[in-house]
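Participant: how would this look folded up:
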Amino acid sequence: MRVRSTAALLLALGAAFLRPGWAQETRLWSPAAYVAAALEASPETARSRLSRKAASYRWKSALASAALPALSWSADSVPYGHTPADSYQFHNWRLNASDVGINTGLRWNLFNSFADELNVRASSLAKDAADAELEASLRSQALAALRVYYSLALKGRILEVSEGNLKAQEAQFALTQDLYKHGMKSYTDLLKSETDLLSSRLRLASAQAETRKSLVRFNTLLQRGPLDPAEPEPLSEPGARTFPEPGTELRDSLLKRPELRIARLEEDKAAVGLRRTIREGVPALSLDALWQRQEVATFGKPSAFGIPNPNYRLALTLALPSGFNAYSQAQNALVSRSELERARESRRAVELQVGQEVALSRGELERALQTLRVASRKEEISRENLGLVSDQYQQGRADVIRLAQAQLDFLESQVQRAQAMHDAHVAAAEYRYAAGEPL
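Facilitator: Take a look at the predicted model:
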């Protein structure tokens, strides 16, 4: 049964920073629960979600501008002074209903040389890019949170090993003292045992400090108190992993990674930008349906205007762009084409980077799993050897040097196995990240 010495230490460290009478329970965190809590507390996640929401609003605004008619309304009056609409007659603080002119209009653009279509397309691509950027941000933060999580789990395991080693050294020192009193061990053996005991205490102090640092980083991602008690689940050996074929593996990662989607969307946005630049550099044809109602200020006189009220019409307009000189428009198109080519090269660079990450992370995971198997076997051997040497030491058939070496071998094998399990879990998370798998 596992002794939760880690929790006891973390509670002791946190107690110094708590008010008297305020007790906190140590929560056992699973990797999934910790990642979810870290993402929920992350300001970066909040910013990414707000950016996605803003991009969605901009897309809806562009869609409404393209599909819906535009309403215009205005009212004007001159309550005092010479009034242009009344032949510059002077009115002294007068504001009657007949003095107010009201214009109400509806304009519905039916065609504008695909300007609305390009605006909607650009905003739609920006919205999709914001979605992909949010996913990429969540994945990178999840990977960082898993590294912090497994770091605390590793430091806690090393702390347990250090505590177990200290207890063993204390027992050995007590045994050596007893054997020395009865003349069965030399003074040199006694000094060696005490030296090993002091080294074990120093090792424990270092492990406590490292665990405290990891706890601070662990709590920082959750926006909790730096030394609030917390305990990750014990490190365990990851399950067997079946790797896909390298070609299939790379193809799947190129489809799943949000960074690739962002790069492809940026390329599409550059293509839309080129189309928009070309459209803005040539004569534009526009077809609008208009409806207008005018309430003319009469100042109490009969209206002399014969304008139909309301009036409506279709208006067809063909016009050159503002500031047209042909050369500037051609250069603008070349700029946009260069931006498109740059986006295309950026996408290719991301594809190469993703392929490299997949290959390297797969190799690292295979190495970590193999190292874990070797470290586990080494721990089993060193544990068995320590048991044999300890029996021989009590029987006087082994000296203190041999016992100390067996204890050191067992201690190192425990630390190496804990480190190997940590590396295997981190490597598995990095491989899932590179391959585009969920974290």
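Participant: Just want the phi and psi numbers for L221.
Facilitator: Dihedral pair for L221: phi -70, psi -20, per degrees, to the nearest 10.
Participant: Please name the nearest non-neighbouring residue to it.
Facilitator: Counting by Cβ to Cβ, 6 or more residues apart in numbering, L221 lies nearest to A38, which is 4.2 Å off, once chain neighbours are set aside. Any C-beta I mention is one placed from the backbone N, CA and C, and that applies to glycine too.
Participant: any idea how far that neighbour lies from Q141?
Facilitator: To Q141, A38 is 7 Å away according to Cβ to Cβ, to the nearest Å.
Participant: any idea whether L106 is helix, strand or coil?
Facilitator: Under DSSP: H, G, I helix; E, B strand; the rest coil, L106 falls in the strand class.
Participant: Kindly state the beta-bridge partners for it.
Facilitator: Counting by DSSP bridges, L106 is bridged to L71, W291.
Participant: give me the low-pLDDT residue ranges for the stretch 151-300 of the chain?
Facilitator: Where the stretch 151-300 of the chain drops to pLDDT under 70, the residues are 240-242, 246.
Participant: Next: the stretch 301-439 of the chain.
Facilitator: 303-307.
Participant: In stretch 100-113, which residues are buried?
Facilitator: 100-101, 105-106, 109, 112-113 (16 or more other Cβ atoms under 10 Å).
Participant: What does the pLDDT read for T83?
Facilitator: Per-residue confidence at T83 stands at 85 (pLDDT).
Participant: Quick check: it vs K301, distance?
Facilitator: 12 Å.
Participant: now stretch 38-48, how far from the centre of its chain.
Facilitator: Averaging C-alpha positions (Cα atoms, centre = their mean, to the nearest Å) puts stretch 38-48 8 Å from its chain's average.
Participant: start to end distance for it?
Facilitator: End-to-end distance for stretch 38-48: 15 Å, by Cα to Cα, to the nearest Å.
Participant: buried residues in that stretch?
Facilitator: For stretch 38-48, the neighbour count (16+ other Cβ under 10 Å) marks 38-39, 42, 45, 48 as buried.
Participant: who touches it?
Facilitator: Residues outside stretch 38-48 that contact it (Cβ atoms under 8 Å, 6 or more residues apart in numbering): 130, 133-134, 137-138, 141-142, 145, 148, 221-223.
Participant: so for that stretch, what's the average pLDDT?
Facilitator: Stretch 38-48 carries an average pLDDT of 95.
Participant: Have a look at T83 and K301 and say which one is more surrounded.
Facilitator: More crowded of T83 and K301, by other Cβ atoms under 10 Å: T83, with 18 against 9.
Participant: Surely that one touches Q89?
Facilitator: Yes. Under the criterion of Cβ atoms under 8 Å, T83 makes contact with Q89 at 5.8 Å.
Participant: Quickly list what's touching both of those two.
Facilitator: F299.
Participant: need the helices for this structure, in chain order.
Facilitator: Secondary structure of the chain (DSSP state H): helices at 5-15, 31-41, 43-67, 115-181, 187-220, 246-256, 258-280, 327-394, 400-435.
Participant: Can you say which of these is nearest to S236?
Facilitator: With Cβ to Cβ, the closest approach to S236 among the helices of the chain belongs to helix 400-435: 7.0 Å.
Participant: For that closest one, buried residues please.
Facilitator: Judged by neighbour count using 16+ other Cβ under 10 Å, the buried positions of helix 400-435 are 400, 403-404, 406-407, 409-411, 413-435.
Participant: Ok, stretch 288-304 next?
Facilitator: For stretch 288-304, the neighbour count (16+ other Cβ under 10 Å) marks 288, 290, 292, 296-298 as buried.
Participant: what's next to that stretch, contact-wise?
Facilitator: Counting by Cβ under 8 Å, 6+ apart, 69, 76-77, 83, 85-86, 89, 96, 98-110, 305, 307, 309-315, 317 sit against stretch 288-304.
Participant: So among the buried residues of stretch 100-113, where is pLDDT lowest?
Facilitator: Ranking those by pLDDT puts G101 at the bottom, with 87.
Participant: Please report the distance of the closest residue to H82 other than its chain neighbours from V296.
Facilitator: In this structure, H82 finds its nearest non-sequential neighbour in Y88, 4.5 Å apart by Cβ to Cβ, 6+ apart. Using Cβ to Cβ, Y88 is found at 17 Å from V296.
Participant: T26 against A230, yeah?
Facilitator: Yes. The criterion here is Cβ under 8 Å, and T26 meets it with A230 at 6.6 Å.
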